[in-house]
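[1] One predicted model, sequence on top.
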Amino acid sequence: MTETLTIKTPDDWHLHLRDGAMLRAVAPETARHFGRAIIMPNLVPPVVTGADAAAYRDRILAALPDGSGFTPLMTLYLTEDTDPEDLARAHNDGLITAVKLYPAGATTNSASGVTDFDKVRPVLEKMAEIGCPLCVHGEVVDSEIDIFDREAVFIERVLDPIRRATPGLRVVMEHITTMQGVEYASEGGPDLGATITTHHLVINRNHILAGGIKPHYYCLPVAKREEHRLALRRAATSGDPTYFLGTDSAPHTDANKLLPCGCAGCFTATNTLSILAEVFEQEGALDRLESFASLNGPKFYRLPPNDSVVTLTKGAPIDYPKQIETGDGPVTVFDPMMPLHWRVET
Ligand code: DOR
Ligand code: ZN
C-alpha cells in the first residue's frame, strides 16, 4: 500500500533568494513546493527602503517560472538610519511583511546592521504600534563570547531587554539552535515566535568538525551539541504554534564555500520537504508536519494558510540533484546523510 501525506502547501518563513543569476537559479527551487516565503533583505547593498523592497520583489517575480503562484513576502533590513515613516508606509501598503534585525557583523552581509540598539528604539516602537513583526538574527557579535554561546547570551543581553522595553512588539526568533532558544520562545506568549531550519534538525556540530571539516554544513548560527538538536526536534514536532519552518536556505557557490574563509549557509530549498517528512516520521510526528510547515507560520503572521495542498508519497529513496547549476557556478544541495523516502508530488 502506498503511504501518502497531504498537507496545506507549506511556506518558508526565512529564505535567502539573492539576486541576479543566483536568484534566477534558486527561486524555482523554492517555488516548486512552497506557497510563500519571507525573503531576507541581506543583499549587497541591503534592502533598506520601501522602494528597495518593491524593486526586489519585482526582480523575484520576474525570476519565477511561468504560471508560478509563489508569493514573496518582503522584508526591510533594519539599520540605524531606518526611517519609521517609510517603514510604516511600506507595511501599510502591503509591500513588506516584516523587518529584519541583524546585529552588525553577525553574519553574511550584515555590515549595515545595528550596533547601538538605542538608535533603533523609535523604529521598534513604530513597529509595535502598527503590528509589524521583527525577525531577529539572535547572536551577539562580541568576540569574547564563544561562538557556541552567542545565541544564549543574545537572548539575555539583547532580546529580552528589547522586548521588555517595547511592549507589543511582535518578534520572531529566527533559526533558533539551542535549548535556551527553545525555552525562551516557549515562554514568550503570542507575540513571540521562533523559526527552525531544516538543517538544524539534522546536523550537530560534530557533523561540521569531526572526521574532517565539512564546509557545506557550516552556517550561522552554527549547529550546536546533540542535546540542542534534540531540543529543536522536540520543539518542531510538538505542534506548539510558537515554532514554524524557516529554512534559512542560503545559497553560496561551491567556490565561495570551499575557501580558507568560506561563507556560512546551507542550501536546502531543493530537498527540504522530503527531509522534513523523514525527520517528522522518525519522531513519530508525521501528523504534525502540517502544523510546523503550513499552519503555525501563517497564524503568527496573521495570514490565512494556503488554499492549495501538496501530497508527499513514501516509496524507494528519491533522487535529487547533488548540486544545482547557477550562472555564478554550482551550488551544493544540503546532504542530510540519510535516504529520503518521501517524494513531493508536483
Ligand atoms: O548561514 C547563514 N547564511 N546564516 C545567515 O544568517 C546568513 C546566511 C546567508 O545570507 O548566507
Ligand atoms: Zn538567514
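    Done, it's in. Just so you know, these numbers come straight off a predicted model, no measurement behind them. Ligands and ions are numbered 1, 2, ... in the order given.
[2] Show me the longest helix that occurs in the protein.
    Counting residues, the longest helix found in the chain (DSSP state H) is helix 50-63.
[3] got the CA coordinates for that one in CSV?
    Extracted C-alpha coordinates of helix 50-63, given in CSV (Å, rounded to 0.1, in the frame of the first residue of the first chain):
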residue,chain,number,x,y,z
GLY,A,50,10.2,50.6,0.7
ALA,A,51,11.3,51.4,-2.8
ASP,A,52,14.2,48.9,-2.5
ALA,A,53,11.7,46.2,-1.4
ALA,A,54,9.3,47.0,-4.3
ALA,A,55,12.2,46.7,-6.8
TYR,A,56,13.5,43.5,-5.3
ARG,A,57,10.0,42.0,-5.2
ASP,A,58,9.7,42.7,-8.9
ARG,A,59,13.0,41.0,-9.7
ILE,A,60,11.9,38.0,-7.7
LEU,A,61,8.6,37.8,-9.6
ALA,A,62,10.4,38.1,-12.9
ALA,A,63,12.7,35.1,-11.9
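[4] which residues make contact with it from outside it?
    17, 19, 23-24, 27-28, 39, 41, 43, 46-47, 72, 74-76, 86-87, 89-90, 93, 95-96 (C-beta atoms under 8 Å, 6 or more residues apart in numbering). (Each C-beta comes from the backbone N, C-alpha and C, glycine too.)
[5] give me that answer again for 6 Å
    Applying C-beta atoms under 6 Å, 6 or more residues apart in numbering, the contact partners of helix 50-63 are Leu23, Arg24, Ala27, Val47, Pro72, Met74, Asp86, Arg89, Ala90, Leu95, Ile96.
[6] can you tell me how far the third one sits from Tyr77?
    Taken as C-beta to C-beta, to the nearest Å, the spacing of Ala27 relative to Tyr77 amounts to 19 Å.
[7] Flag every buried residue along whichever helix or strand Glu281 is part of.
    Per DSSP states H and E, Glu281 falls inside helix 272-282. By neighbour count on 16 or more other C-beta atoms under 10 Å, the buried set for helix 272-282 is Thr272, Leu273, Ser274, Ile275, Leu276, Ala277, Glu278, Val279, Phe280, Glu281.
[8] residues in the stretch 201-346 of the chain within reach of ligand 1, list them.
    Residues of the stretch 201-346 of the chain lying close to ligand 1 (C-beta under 6 Å from any ligand atom) are Cys219, Leu220, Asp248, Ala250, Ala264, Gly265.
[9] Most widely separated two among those?
    Across those, the longest distance by C-beta to C-beta is 9.9 Å; it joins Asp248 and Ala264.
[10] and those two? which has more neighbours close in?
    Per other C-beta atoms under 10 Å, whichever of Asp248 and Ala264 has more neighbours is Asp248, with 28 against 16.
[11] What ranges does the stretch 1-150 of the chain have for its helices?
    Using DSSP state H, counting those that start in this stretch, the helices found in the stretch 1-150 of the chain span residues 20-31, 50-63, 84-92, 121-130, 150-154.
[12] Now find how far off-centre stretch 196-203 is within its chain.
    With C-alpha atoms, centre = their mean, to the nearest Å as the basis, stretch 196-203 stands 11 Å off its chain's centre.
[13] end to end, how far does that stretch reach?
    Using C-alpha to C-alpha, to the nearest Å, the span of stretch 196-203 from its first residue to its last is 13 Å.
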